[in-house]
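Visitor: A predicted structure for the sequence below; I have some questions about it.
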Amino acid sequence: MKKCGLLIFILVLLISTMAFATPKDVLIIGTREDVRMLDPAVTFDNQDWRITYPCYDRLVRYKGSSTDVEPYVAESWSVNEDGTIWTFKLKKGIKFDDGTPLNAKAVKFTFERLKKIGKGPSDYFTEIKDIKILGDYEVQFILEYPYAPFLYTLATNAASILNPNIIKHEEDGDLAQKWLATHIDGSGPFRLKEWIKDEKIVLEAKDDYWGEKPKLKKVIIKVIKESTDQRMALERGDIDIADGILIDQLEKLAKNSDIVIRKYPSQLCNYVYINNQKEPLNNKLVRQALNYAVDYEGIIDFVLKGNGIQMRGPIPKGMWGHSEDVFQYTYNPKKAKELLKKAGYPKGFKLEIMYSSVQPTWEEEVLILQSNFADIGIKLDIRKLANPTMREKVDKGQFDLCMGRWSPDFADPSMFMNYWFDSSKWGLAGNRSFYKNDEVDKLIREALKVPDQKKREALYKKAQDIIMEDAPYILLYQTMSIIPMRKEVKNFVYNPMLERMYNFESIYK
């Protein structure tokens, strides 16, 4: 009897410590925050795109882990000599859930709706002058001017092709924005099955998908706000992937043989906005001094535990146009003090830096910056704000310094150069330092219209050299994308253009 009791005790103990795997045809992801809204013409958030991207199709798509695009809904395309007329021939037999064909009419409807709504994502397509239907499965885009990145913009979430029948849900001329904020009507490999706010989202695979059939039947995105809870759920086998888990949890996960921690150099960049229009920050020498004052390696080693690389110029490593010949600021407090003295501030001055909790590492980073700046005589006050409040102040230019991050939405250096530095994009539109240099404006605007990539690289290189001299931002680091997952997850593909998104259509367990 005692032996029997002992066996039962051991069995219970074993069961309690076992990691119970999720169903083989269901992928469960833990994430720290819920999606906000689902309309591709409105949302500018990778968290939302994770849900919408696999539910819609686009004319082109990224090829595996590459930043090159390949045909998808479009079977082929042609472009005229000056790059202003793009003609696409579409595949036949693609349908939306209600049986409506995905044809030239649907493509025209999608982009015209996007431009009429005129919110954030429409900024990718300001160059579109007209869209012509040449046949049921042939559509033509006529551009106002040559726009070199045009083909790459068609792989973005904003270019997701919508069912024209959504217009039946229109309210007061909103082009169905209210309905599409919480619904999806696409032709992609998955459909939205369920959304319980702040709890979970369920995507269901389509058996009749026109392309490669998903190996999964369901994808469940569960909101698990605490990083420790995510780690424990991953260890137990309650989830397959922990998305956005904090660095401090990685050491414990690394000891678990059932967990694989995948790391990839990402295009997500962290930097400090310097308000170039405010004194004394409107002085180039002061901005240079701030750049020399920062202990970049200290931030990367101490805060990121080595999971990052210092930026060299505004175009990150891994994006074409990046150059190792671009000047890079290094930690040099002595040089910083000399520049402050030369600028007329030998005793320093006082500044304020804003940050929010949207990036967990910023709290430690601003403390390091505070210490670094104190070493050169600058008193840095720290102000933590709710993220919407911080963004509003940035848009209005009501700040000295502010922590920021940015990742590109398509594979083109214009996502950095033309957004961060064009003086027509002051504020949240992209140029959050309120920087203005006429020569830089000229160079980067010309680079947008030149079809030849080598010529574009040369123009961007000239602009980068001027920018690094002007020091409009403090360029901190590129992050590593860290994705812990159960070892059973197979065929995961990371694409730097699809940050925080997953290839649900080809992942399996």
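Guide: Right, received. Where do you want to start? Numbering: from 1, shown residues only.
Visitor: Any idea how far the lengthiest helix in the chain is from the middle of the chain?
Guide: Looking only at the chain and at elements set by DSSP state H, the helix with the highest residue count is helix 453-470. Here helix 453-470 is found 23 Å from its chain centre; the criterion is CA atoms, centre = their mean, to the nearest Å.
Visitor: Now it: buried residues?
Guide: By 16 or more other CB atoms under 10 Å, the buried positions in helix 453-470 come out as 456-457, 459-465, 467-468, 470. To be clear about C-beta, it is placed using only N, CA and C from the backbone, and glycine gets the same treatment.
Visitor: which residue packs closest to the residue most central in space within the chain, ignoring adjacent ones?
Guide: What sits nearest the mean C-alpha location of the chain, by CA atoms, centre = their mean, is residue 407, with 4.2 Å. Leaving out its chain neighbours, the residue that sits closest to residue 407 by CB to CB, 6 or more residues apart in numbering is residue 268, at 4.3 Å.
Visitor: in its sheet, what does the host helix or strand of the one you found sit against?
Guide: For residue 268, the element it lies in under DSSP states H and E is strand 259-274. Looking at strand 259-274 with DSSP bridges, its partner strands are strand 401-406 (antiparallel), strand 473-486 (antiparallel).
Visitor: Let's see stretch 427-445 as CSV, backbone CA atoms only.
Guide: C-alpha atoms of stretch 427-445 as CSV (Å, rounded to 0.1, in the frame of the first residue of the first chain):
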residue,chain,number,x,y,z
GLY,A,427,6.5,66.1,-36.4
LEU,A,428,4.9,62.6,-36.3
ALA,A,429,5.0,62.3,-40.1
GLY,A,430,8.7,61.4,-39.6
ASN,A,431,11.0,64.3,-39.1
ARG,A,432,10.7,64.3,-35.4
SER,A,433,13.8,66.5,-34.9
PHE,A,434,12.3,69.3,-36.8
TYR,A,435,15.5,69.3,-38.9
LYS,A,436,15.9,71.5,-42.0
ASN,A,437,18.7,71.5,-44.5
ASP,A,438,18.0,72.7,-48.0
GLU,A,439,20.8,70.6,-49.6
VAL,A,440,19.6,67.5,-47.8
ASP,A,441,16.0,68.1,-49.0
LYS,A,442,17.3,68.4,-52.5
LEU,A,443,19.3,65.2,-52.4
ILE,A,444,16.8,63.0,-50.8
ARG,A,445,13.9,64.2,-52.9
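Visitor: could you dump stretch 468-477 to PDB, C-alpha only?
Guide: These are the backbone C-alpha positions of stretch 468-477, laid out as PDB (Å, rounded to 0.1, in the frame of the first residue of the first chain):
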ATOM      1  CA  MET A 468      26.000  63.300 -39.600                       C
ATOM      2  CA  GLU A 469      27.800  66.700 -39.500                       C
ATOM      3  CA  ASP A 470      24.500  68.400 -38.600                       C
ATOM      4  CA  ALA A 471      23.700  65.700 -35.900                       C
ATOM      5  CA  PRO A 472      19.900  66.200 -35.800                       C
ATOM      6  CA  TYR A 473      19.400  63.100 -33.800                       C
ATOM      7  CA  ILE A 474      21.400  60.800 -31.400                       C
ATOM      8  CA  LEU A 475      21.400  57.500 -33.300                       C
ATOM      9  CA  LEU A 476      21.600  54.900 -30.600                       C
ATOM     10  CA  TYR A 477      21.300  51.300 -31.900                       C
END
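Visitor: Extract the CA atoms of whichever helix or strand comes after the strand holding residue 268 and return them as PDB.
Guide: Downstream of strand 259-274, the first helix or strand assigned by DSSP H and E is helix 284-293. The C-alpha coordinates for helix 284-293 follow below in PDB (Å, rounded to 0.1, in the frame of the first residue of the first chain):
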ATOM      1  CA  LYS A 284      25.000  72.300 -34.500                       C
ATOM      2  CA  LEU A 285      28.000  72.300 -32.100                       C
ATOM      3  CA  VAL A 286      25.600  71.500 -29.100                       C
ATOM      4  CA  ARG A 287      24.000  68.700 -31.000                       C
ATOM      5  CA  GLN A 288      27.400  67.200 -31.900                       C
ATOM      6  CA  ALA A 289      28.400  67.500 -28.200                       C
ATOM      7  CA  LEU A 290      25.300  65.500 -27.100                       C
ATOM      8  CA  ASN A 291      26.200  62.800 -29.700                       C
ATOM      9  CA  TYR A 292      29.800  62.600 -28.300                       C
ATOM     10  CA  ALA A 293      28.500  62.400 -24.700                       C
END
